[in-house]
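Peer 1: Model the following, please.
(one chain, ligands or ions: 1)
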Amino acid sequence: MQISHRLSNIKPSLTLSVNSRALELKAQGVSVTSLAVGEPDFPTPPHVCAAAKAAIDANFCHYTAVPGIPELRKAAGDYFGRTYGVPVPRESIIIGAGGKHCLYNFIQTTINPGDEVLLPAPYWLSYPDMIMLAEGVPVPVAAGPEQGFKVTPAMLEAHRTPKTRLLILNSPSNPTGAVYTEAEFTAIMDWALGQDIFVLSDEIYDQLVFPPAVMTSAIGWFAEYPRQVAVLNGLSKSYAMTGWRVGFLAAHPDLIKKISSMQGHSTSNICSIAQKAGLAALTGPMDGVREMRQAFQRRRDLAMHIIADWPFAVCPRPDGAFYLFVDVRKCFGRLAANSTEVCTRLLDKAHVAVVPGAAFGDDNCIRFSYAVADDVLAKALDRIGAELAVLA
Ligand code: PLP
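Peer 2: Numbering: from 1, shown residues only. The predicted structure is shown next:
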């Protein structure tokens, strides 16, 4: 059977291999705590679920327009106006099956074979594979914990070539939780736009920024540079709606039309019922979002407090999302040589699942998600700390 050459470099996700080992242990009766998840541990708000039920009862169950029902596109555009003071017209929005789908379609629509894409590293693990599926070339630009996992224009410039087409920014970041300040973000935007590089800003965690840190959105540059800036967002993380698959992308209407043509030949519209749920989320109360943000901030503080006592780990305080990216280089040596071996050891000995940094382009670190109850988090971190101490 022939497999297309486009898939030759695509690897199965490292997250999945940790998960399958965790499942094996569970099957043996071991109680495993997972800090590997990338989704909020909160329920979808009830008014959102009610809107979906009402959509079914009204038999809103047929095809819709490919880029989404007009009212949902408008609500997504209004979100930028309400949140950042930059209203985006409906024609500049496409609704996809989660942020991942929007991003995939955007990359397929804009990247030609051989085009280079600057990827600040650590990066979200799907970016490189999505770029390679478009036959583009991911160009990681590594930033370590000593600089808060954040890149600078000078670092990006050092990786720019005549083939550089796109820069993908992700603040708050998965896996590091790093949030660029307005000054840092502005410096990068000025540099990229000045070099004629398109910026895709993945802002899926924008509602999960912990004060006093402040979110800076690339939408602020969209009015002036509509052909060079696109912003990705969605409901998975901020509204605890990972399973509903609702994401949206803001970009120039000409680009949106092209993405829509592509989407029309693959998935067509996203689920009609999920669209009604998404509309309720984007037009309804934000209390659930606020409560989640407060809970994540409390857990971030709890986790940082515990990790502060670990002499063998370095972790800059993250200002957003729900991840800690911990440098465990000091634990490499006798029993484990890299992030994957540390994670395997943590799973086997401490019975906690976490994700190797290698998956995110940084083999010195491991990623903990704190999207679990406070007491579960505290106990799991204690077990991790004890095992890392054995390795160090
Ligand atoms: N971007 C980042 C940085 C993410 O972490 C994720 C999910 O983990 C996504 C995009 C995609 O989220 P979804 O497809 O659920 O909207």
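Peer 1: Point me to the residue of this structure nearest the ligand.
Peer 2: Closest residue of the chain to the ligand, C-beta to the nearest ligand atom: residue 98 (2.7 Å). C-beta: built from backbone N, CA, C; applies to glycine.
Peer 1: so that residue makes contact with residue 234?
Peer 2: Yes - Residue 98 sits in contact with residue 234 when judged by C-beta atoms under 8 Å, with a separation of 6.0 Å.
Peer 1: overlap in contacts of these two?
Peer 2: Shared contacts of residue 98 and residue 234, defined by C-beta atoms under 8 Å, 6 or more residues apart in numbering, comprise 246-247.
Peer 1: still on that earlier bit, any idea how far the residue of the chain closest to the ligand lies from residue 242?
Peer 2: 8 Å (C-beta to C-beta, to the nearest Å).
Peer 1: List the contacts of residue 76.
Peer 2: 68, 88, 93, 95, 233, 248, 250, 282.
Peer 1: Can you read off the pLDDT for residue 334?
Peer 2: Per-residue pLDDT puts residue 334 at 87.
Peer 1: Tell me the residues of the stretch 101-250 of the chain that contact the ligand?
Peer 2: 124, 170, 174, 202, 204, 234, 236, 242, 247 (C-beta under 6 Å from any ligand atom).
Peer 1: Residue 148 reaches residue 180, doesn't it?
Peer 2: No - counting by C-beta under 8 Å, residue 148 sits too far from residue 180 to count as a contact (9.2 Å).
Peer 1: Which one's more surrounded, these two?
Peer 2: residue 180 (25 against 18; other C-beta atoms under 10 Å).
Peer 1: The more buried one belongs to a helix, doesn't it?
Peer 2: No - looking at residue 180 with DSSP: H, G, I helix; E, B strand; the rest coil, it is coil, so not inside a helix.
Peer 1: mind checking which helix or strand residue 52 is in?
Peer 2: Using DSSP states H and E, residue 52 falls within helix 46-57.
Peer 1: Show me what secondary structure element comes after that helix.
Peer 2: helix 70-84.
Peer 1: returning to what we had before: got the buried residues for the helix holding residue 52?
Peer 2: Across helix 46-57, burial judged by 16 or more other C-beta atoms under 10 Å covers 48, 51-52, 55.
Peer 1: Quick check: mean pLDDT of the host helix or strand of residue 290?
Peer 2: Taking DSSP H and E as the definition, one finds residue 290 inside helix 287-307. Averaging pLDDT along helix 287-307 yields 96.
Peer 1: Could you list the low-confidence segments of the stretch 151-300 of the chain?
Peer 2: Filtered on pLDDT under 70, the stretch 151-300 of the chain yields no residues whatsoever.
Peer 1: So which residues of it form strands?
Peer 2: Using DSSP state E, counting those that start in this stretch, the strands found in the stretch 151-300 of the chain span residues 164-170, 198-202, 229-234, 247-250.
Peer 1: in the stretch 1-150 of the chain, which spans are strands?
Peer 2: 33-34, 93-96, 116-121, 137-142.
Peer 1: Who are the packing partners of the first one?
Peer 2: Right, the one you point to is strand 33-34. Contact analysis of strand 33-34 by 3 or more C-beta pairs under 8 Å, 6 or more residues apart in numbering; DSSP states H and E lists strand 352-353, helix 374-391 as its packing neighbours.
Peer 1: 10 Å instead, please
Peer 2: Judged by 3 or more C-beta pairs under 10 Å, 6 or more residues apart in numbering; DSSP states H and E, strand 33-34 is in contact with helix 14-27, strand 352-353, helix 374-391.
Peer 1: Please apply the same query to the last one.
Peer 2: Using 3+ C-beta pairs under 10 Å, 6+ apart as the contact criterion, the elements in contact with strand 137-142 are strand 116-121, helix 126-133, helix 153-157, strand 164-170.
Peer 1: Tell me which of the ones you listed is the most buried.
Peer 2: Among these, strand 116-121 has the highest mean neighbour count (mean count of other C-beta atoms under 10 Å), at a mean of 24.
Peer 1: Which elements pack onto it?
Peer 2: Checked by 3+ C-beta pairs under 10 Å, 6+ apart, strand 116-121 has helix 126-133, strand 137-142, helix 153-157, strand 164-170, helix 182-194, strand 198-202 packed alongside it.
Peer 1: out of those, which comes closest to residue 337?
Peer 2: Nearest to residue 337, of all the helices and strands packed on strand 116-121, is strand 137-142, at 19.4 Å by C-beta to C-beta.
Peer 1: And the contacts of that closest one?
Peer 2: The contact list for strand 137-142, computed with C-beta atoms under 10 Å, 6 or more residues apart in numbering, reads 9, 111, 113-123, 127-132, 149, 151-152, 155-161, 163-168, 360-362.
Peer 1: what inclination does that strand have with respect to strand 164-170?
Peer 2: Interaxial angle of strand 137-142 relative to strand 164-170 (axes from the mean of the first three to the mean of the last three C-alpha atoms, to 10 degrees): 50 degrees.
Peer 1: Quick check: can you name the pairing partners of strand 137-142 and their directions?
Peer 2: In the sheet, strand 137-142 lines up against strand 116-121 (parallel) (DSSP bridges).
Peer 1: Can you tell me the centre-most residue of the protein?
Peer 2: residue 174 (4.8 Å; C-alpha atoms, centre = their mean).
Peer 1: May I ask you to confirm that it is in contact with residue 324?
Peer 2: No - between residue 174 and residue 324 there is no contact under C-beta atoms under 10 Å: 11.5 Å.
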